[in-house]
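Peer 1: Got a predicted model here, sequence first, then my questions.
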Amino acid sequence: MSQATASGVHLVCGHCDSVVRIPADRLDQGPKCPKCHHALFAGQPLELTTASFDRHVSRNDLPLIVDFWAPWCGPCKMMAPHFEEASRRLLTQARFAKVNSDDEPSLSARFGIRSIPTLMVFKQGREIARQSGAMDLGGLLRWTQPYLI
């Protein structure tokens, strides 16, 4: 049993960026942030900024799957509904987030994002996988499977 499972799961609230510990057996019971009272699992990807990114990468015990995208990108627009559906289906197994590379160029530069969409998986503060190019729902679910809790 991992330490995260034994002591609970730490999640970063998508609204106030507080770190919250949830007992593992209560993840599927709709937990709320004790600070801001928003649902910790909203069923849609979080919008991350340069200011919030590192906290979400380093403090979430669930894997964090990040989509680097831009509003003008056709493949990004095509993949967006599939990414949202994957975030709903895998609600308590991973956190899903989006980074607008136009609004957050320092993050794109930091991670060497050369094409969009680019998906990255972070676990325990480290990048463990990367994939460039749009995927449909089936492709996303297959690609994320090895990294889920």
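Peer 2: Now that the structure is in, tell me what you want to look at.
Peer 1: contacting residues around the longest helix seen in the chain?
Peer 2: When the chain is parsed with DSSP state H, its longest helix is helix 74-89. Residues outside helix 74-89 that contact it (Cβ atoms under 8 Å, 6 or more residues apart in numbering): 43-45, 65, 67, 69-71, 96, 98, 116-117, 133-137, 140-141, 144. Using the backbone N, CA and C atoms, a C-beta is placed for each residue, glycine as well.
Peer 1: switch to 7 Å and redo it
Peer 2: Under the contact criterion Cβ atoms under 7 Å, 6 or more residues apart in numbering, helix 74-89 has outside partners 43-45, 67, 69-70, 96, 116-117, 134-137, 140-141, 144.
Peer 1: excluding its backbone neighbours, what's nearest residue 8?
Peer 2: Closest residue to residue 8 apart from its sequence neighbours, by Cβ to Cβ, 6 or more residues apart in numbering: residue 21 at 4.4 Å.
Peer 1: Report pLDDT for the one you found.
Peer 2: For residue 21, the model assigns a pLDDT of 96.
Peer 1: what are the bridge partners for it, then?
Peer 2: residue 10 (DSSP bridges).
Peer 1: Any idea how many residues pack against it?
Peer 2: By other Cβ atoms under 10 Å, the residues close to residue 21 number 13.
Peer 1: separation between it and residue 59?
Peer 2: Using Cβ to Cβ, to the nearest Å, we find residue 21 at a distance of 11 Å from residue 59.
Peer 1: joint contacts of these two?
Peer 2: Common neighbours of residue 21 and residue 59 (Cβ under 7 Å, 6+ apart) are residue 10.
Peer 1: Quick one: residues contacting residue 114.
Peer 2: Shown in contact with residue 114 (Cβ under 7 Å, 6+ apart): no residues.
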